[in-house]
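**Student:** no sequence on hand, only this structure:
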């Protein structure tokens with residue numbers, strides 16, 4: 001009797017399926033391990049990136065808030081400077097001279113032409129302003145230029161249709177009659193540029209820092225403020241240094257007096 005050879009396996013694909021399942025399972029395990037490893041490596045980078053992002057936002061916020069504070073600080077300084085200038089410009093009114101002038105039918109108040117400053121030092125040389133009012137607005141040569149707060153700063157030297165040039169009294173070499181308030185002494189202010197003056201007075205004259213220098217007319221407008229003084233033992237005169245009461249590098253509006 002002959003017997004047929006036994007089949008090695010009733011399911012020839014079982015071994016292949018088992019092998020494939022094993023490979024797949026190993027792959028899942030390896031992938032899981034690699035995935036965990038990759039995540040563990042990347043996570044610190046993500047955390048660092050988040051920290052950097054937060055720091056950048058905080059840094060930007062700091063500069064933004066600081067910029068706002070600086071802007072507000074500049075605005076407040078400008079307001080304080082304007083108030084200080086207005087206070088320093090109160091001269092004849094505080095002394096009662098205004099009432100005396102009114103009694104005799106005189107007044108220091110005048111109508112003026114308001115003009116915006118288009119350019120100012122250092123954009124223009126020699127302490128020159130360019131304003132947006134000209135002869136069509138009523139501006140004429142030689143008219144005085146004052147600030148809304150009251151101090152006088154220069155005069156009109158050139159006039160065009162819609163523009164004018166103003167030479168400041170601080171312009172180098174320009175000489176202006178004035179009065180040293182403390183001594184009621186007539187002096188000559190000589191401009192030295194960049195918003196500064198110099199004057200000469202007898203060496204025995206008492207001059208202190210902060211003393212006011214006024215215009216010699218009825219309005220007695222503020223022209224300058226004493227900054228320093230110097231005298232040598234052999235000198236007969238004392239040199240007094242003064243400055244304009246306003247920052248000429250930041251002028252915005254002026255009044256042209258008719």
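**Tutor:** Thanks, I have it. These numbers were taken from a predicted model, which means no experiment stands behind them.
**Student:** tell me what residue 226 is bridged to.
**Tutor:** Per DSSP bridges, the residues bridged to residue 226 are residue 242.
**Student:** equivalent analysis for residue 193, please.
**Tutor:** Residues in a beta bridge with residue 193, per DSSP bridges, are residue 196.
**Student:** I'd guessed it sits against residue 169; true?
**Tutor:** No. Contact criterion C-beta atoms under 8 Å: residue 193 and residue 169 do not qualify, at 11.2 Å. Placement of C-beta: from N, CA and C, glycine included.
**Student:** of these two, who's got more company?
**Tutor:** residue 169 (24 against 16; other C-beta atoms under 10 Å).
**Student:** now do the contacts for the more buried one.
**Tutor:** For residue 169, the contact set (C-beta atoms under 8 Å, 6 or more residues apart in numbering) comprises 152-155, 176, 189, 191, 197, 223-224, 244.
**Student:** ok, and the closest non-adjacent residue to residue 238?
**Tutor:** Leaving aside its sequence neighbours, residue 238 sits nearest to residue 231 (C-beta to C-beta, 6 or more residues apart in numbering; 4.2 Å).
**Student:** list the contacts for that neighbour?
**Tutor:** By C-beta under 8 Å, 6+ apart, the contact set of residue 231 is 203, 237-239.
**Student:** same thing but 7 Å
**Tutor:** Counting by C-beta atoms under 7 Å, 6 or more residues apart in numbering, residue 231 touches 203, 238-239.
**Student:** now do the phi/psi pair for it.
**Tutor:** Residue 231 adopts backbone torsions of phi -150, psi 140, taken as degrees, to the nearest 10.
**Student:** against residue 207, how distant is it?
**Tutor:** 10 Å (C-beta to C-beta, to the nearest Å).
**Student:** what do the two both touch?
**Tutor:** residue 238.
**Student:** doesn't residue 249 fall inside a strand?
**Tutor:** No. Under DSSP: H, G, I helix; E, B strand; the rest coil, residue 249 falls outside any strand and is assigned helix.
**Student:** so it touches residue 120, yeah?
**Tutor:** Yes. Between residue 249 and residue 120 a contact is recorded at 6.4 Å, counting by C-beta atoms under 7 Å.
**Student:** so between these two, which is more surrounded?
**Tutor:** Neighbours were counted for residue 249 and for residue 120 using other C-beta under 10 Å; residue 120 has more, 21 against 11.
**Student:** so for that one, what's the pLDDT?
**Tutor:** In this model, residue 120 is scored at 90, pLDDT.
**Student:** what's near enough to touch it?
**Tutor:** Going by C-beta under 7 Å, 6+ apart, the list of residues near residue 120 reads 129, 248-249, 251.
**Student:** ditto for residue 205
**Tutor:** 183, 185, 238.
**Student:** rewinding a little: which among the contacts of residue 169 end up buried?
**Tutor:** 152-155, 176, 189, 191, 197, 223-224, 244 (16 or more other C-beta atoms under 10 Å).
**Student:** tell me which of the residues you listed fall in strands.
**Tutor:** 152-155, 176, 189, 191, 197, 223-224 (DSSP state E).
**Student:** make a markdown table from those residues and add distance to residue 114 and pLDDT to it.
**Tutor:** A markdown table is the format used below for those (distance: C-beta to C-beta, whole Å; pLDDT from 0 to 100):
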| residue | distance to residue 114 | pLDDT |
| --- | --- | --- |
| 152 | 15 | 94 |
| 153 | 15 | 95 |
| 154 | 16 | 96 |
| 155 | 17 | 96 |
| 176 | 23 | 96 |
| 189 | 26 | 95 |
| 191 | 25 | 96 |
| 197 | 26 | 96 |
| 223 | 21 | 95 |
| 224 | 24 | 95 |
